[in-house]
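K.L.:
here's my sequence, what's the structure:
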Amino acid sequence: MAEWSFPVEAGHIMMFARAVGDPNPVYYDQDAASSTEVGGVIAPPTFIQASAQFNPDYFLRPRIGQFWFGSGKGPSGSGAAPPEPTAEGAGGGRRGGGGVGLHAEQHFEYHRPLRPGDVLTPTNKEGKTWEREGRSGHLVFSESITEWHDAEGNLVITTRGVGVRTSGPAQRS
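P.N.:
Residues are numbered from 1 along each chain as shown. Just a heads-up that it's a prediction; the model follows:
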């Protein structure tokens, strides 16, 4: 895995907030944000997910000159198989053992607000794995944890994703 970082920019925060439909001025208006408890512009709670496009190894990242698989099974007009997910894809979408991989949970723990000008570097850690029986058969859950540190080495955000692999397609009720 390549070493990489995520530069947090004010314009990116503003566009992300607009894309998720959150009109709170604390995400784009410095004057309004200055008068709040956080004292300035901050990123929305799920903004760290936008970091995927800065990861050169992210398996769903579009690459110039290559088919893009996005979130679908395959690109239009191509019989090519989708790329295999990397460890960063552990929070969901994994395939393996003949089953289907799904994203089950996502958790965000902020140790301080994320602000424009921050540059974060991720450290991935393995989490727990557990199994259960469900309507669709045997389920295997796996947790992935990422700690995001700023340029000074301070922990800013801890994210935890849970993926689940099923032994077959879900049964319709």
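
K.L.:
which residue is the nearest non-sequential neighbour of Leu102?
P.N.:
The shortest distance from Leu102 to any residue other than its chain neighbours is 5.2 Å, reached at Val164 (C-beta to C-beta, 6 or more residues apart in numbering). Using the backbone N, CA and C atoms, a C-beta is placed for each residue, glycine as well.

K.L.:
pretty sure that neighbour sits against Glu131.
P.N.:
No. If you go by C-beta atoms under 8 Å, Val164 and Glu131 don't touch, sitting 9.8 Å apart.

K.L.:
out of those two, which sits in the busier spot?
P.N.:
Val164 (22 against 10; other C-beta atoms under 10 Å).

K.L.:
who touches that one in this structure?
P.N.:
By C-beta atoms under 8 Å, 6 or more residues apart in numbering, the residues touching Val164 are 92, 101-102, 104, 139-142.

K.L.:
pull the longest strand from the chain.
P.N.:
Counting residues, the longest strand found in the chain (DSSP state E) is strand 119-134.

K.L.:
mind checking how far it is from the chain centre?
P.N.:
Centroid displacement of strand 119-134 relative to its chain, using C-alpha atoms, centre = their mean, to the nearest Å, is 12 Å.

K.L.:
stretch 42-58 now?
P.N.:
With C-alpha atoms, centre = their mean as the basis, stretch 42-58 stands 6 Å off its chain's centre.

K.L.:
mean confidence for that stretch?
P.N.:
Stretch 42-58 shows a mean pLDDT of 92 in the predicted model.

K.L.:
can you give me the strands for the chain?
P.N.:
Using DSSP E, strands in the chain cover 6-7, 101-110, 119-134, 137-149, 155-166.
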